[in-house]
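Novice: dropping a prediction and its sequence here:
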Amino acid sequence: MLNVQNLSAGYGESQVLFDVSLSVAAGEVLALLGRNGMGKTTTVSTIMGLVPRWGGELAFAGASIAGMPPYRVAQRGLGLVPEGRQVFPTLTVEENLVATAAARGGKAPRWDLEAIWSLFPRLKERRRNLGSRLSGGEQQMLAIGRALMTNPSLLILDEATEGLAPVIRAEIWSVLAKLKGEGQSILLIDKNLSAVLRLADRNVVIEKGRTVWTGTSAELAAAPDIRDTHLHI
């Protein structure tokens, strides 16, 4: 589905990505792992067209997306839940969701308001509340719901549980497990390694803008040297 080969990118004259390669198959959950500042957010931002690609290949569903503006990338079927949530503060919960609603492939959308209300009942209770009036956990639910309303083939989540209370984190992980069970392809960044290993099929570890390891969750769980060298502080 998604194929990234030898990706390089940066900001201004500062190169951040040197050689990142990863792939996500249909129905697969892939975790992108690494310490802070290693290029994880830059990788997904480059995939989405938010950061200019300097080199390498980006393909989705067999077609190149390299150089496409972000709205074109989204139209191809990639949905981003950005770091920091970035909900529209002056729109209500329902307006946030409707603003991004889209059908893909000329068929009835899997995700509409009723489906989001079913996934996140708390959002239905607060459907008239402004985005700025939500708690951090509610904003994260809204950010996920907003991305789902684009009916993406691939859902990308950048630090989906960062800074949330344990009960909210558990709810988010439960939702992601449900999405996986329904066949949703997911590319995930998160620091909670134990939760990631329970959810992800495969993992890609990057260090200083380079892919340094790729393997299954079982393989990573059995590789303390990889975790100690590239993930633990």
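Specialist: Structure received. None of these values were measured; they are calculated from a predicted model.
Novice: any regions of this protein where pLDDT drops low?
Specialist: 104-107, 233 (pLDDT under 70).
Novice: centre of the chain to the longest helix that the chain contains, how far?
Specialist: Secondary structure of the chain per DSSP state H: the longest helix is helix 166-181. The chain centre lies 14 Å from the centre of helix 166-181; the measure is Cα atoms, centre = their mean, to the nearest Å.
Novice: got a list of contacts for that helix?
Specialist: By Cβ atoms under 8 Å, 6 or more residues apart in numbering, the residues outside helix 166-181 that reach it are 29, 119-120, 136-137, 140-141, 144, 155, 157, 160-161, 164, 186, 188, 192, 195, 198-199. Heads up, the C-betas are built off the backbone N, CA and C, glycines and all.
Novice: now swap in stretch 203-210 and tell me
Specialist: Contacts with stretch 203-210, where a contact means Cβ under 8 Å, 6+ apart, come from 8, 15-22, 30-35, 38-40, 42-43, 196-197, 211-217, 220, 226, 230-231.
Novice: list every C-alpha atom in that stretch, with coordinates, as CSV.
Specialist: Coordinates of each C-alpha in stretch 203-210 appear next as CSV, following Å, rounded to 0.1, in the frame of the first residue of the first chain:
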residue,chain,number,x,y,z
ASN,A,203,8.2,-2.1,13.5
VAL,A,204,10.7,0.2,11.8
VAL,A,205,13.3,1.8,14.0
ILE,A,206,15.1,5.0,12.8
GLU,A,207,18.2,6.6,14.2
LYS,A,208,19.4,10.1,13.1
GLY,A,209,17.2,10.0,10.0
ARG,A,210,18.1,6.5,8.8
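Novice: list the buried residues in it.
Specialist: 203-207, 209-210 (16 or more other Cβ atoms under 10 Å).
Novice: what comes up buried for the helix or strand harbouring residue 212?
Specialist: Residue 212 belongs to strand 210-216 when assigned by DSSP states H and E. For strand 210-216, a neighbour-count test (16+ other Cβ under 10 Å) marks 210-211, 213-214 as buried.
Novice: same thing with stretch 178-194?
Specialist: 179-180, 184-191, 193.
Novice: what segments of this protein are strands?
Specialist: Assigned strands in the chain, in chain order: 2-11, 14-24, 29-33, 53-60, 63-64, 78-81, 154-158, 185-189, 202-207, 210-216 (criterion: DSSP state E).
Novice: and the angle for the third one with helix 166-181?
Specialist: If I follow you right, that is strand 29-33. Here the directions of strand 29-33 and helix 166-181 differ by 130 degrees (axes from the mean of the first three to the mean of the last three Cα atoms, to 10 degrees).
Novice: what lines up beside strand 29-33 in the sheet?
Specialist: Strand 29-33 has these partner strands in its sheet, going by DSSP bridges: strand 185-189 (parallel), strand 202-207 (parallel).
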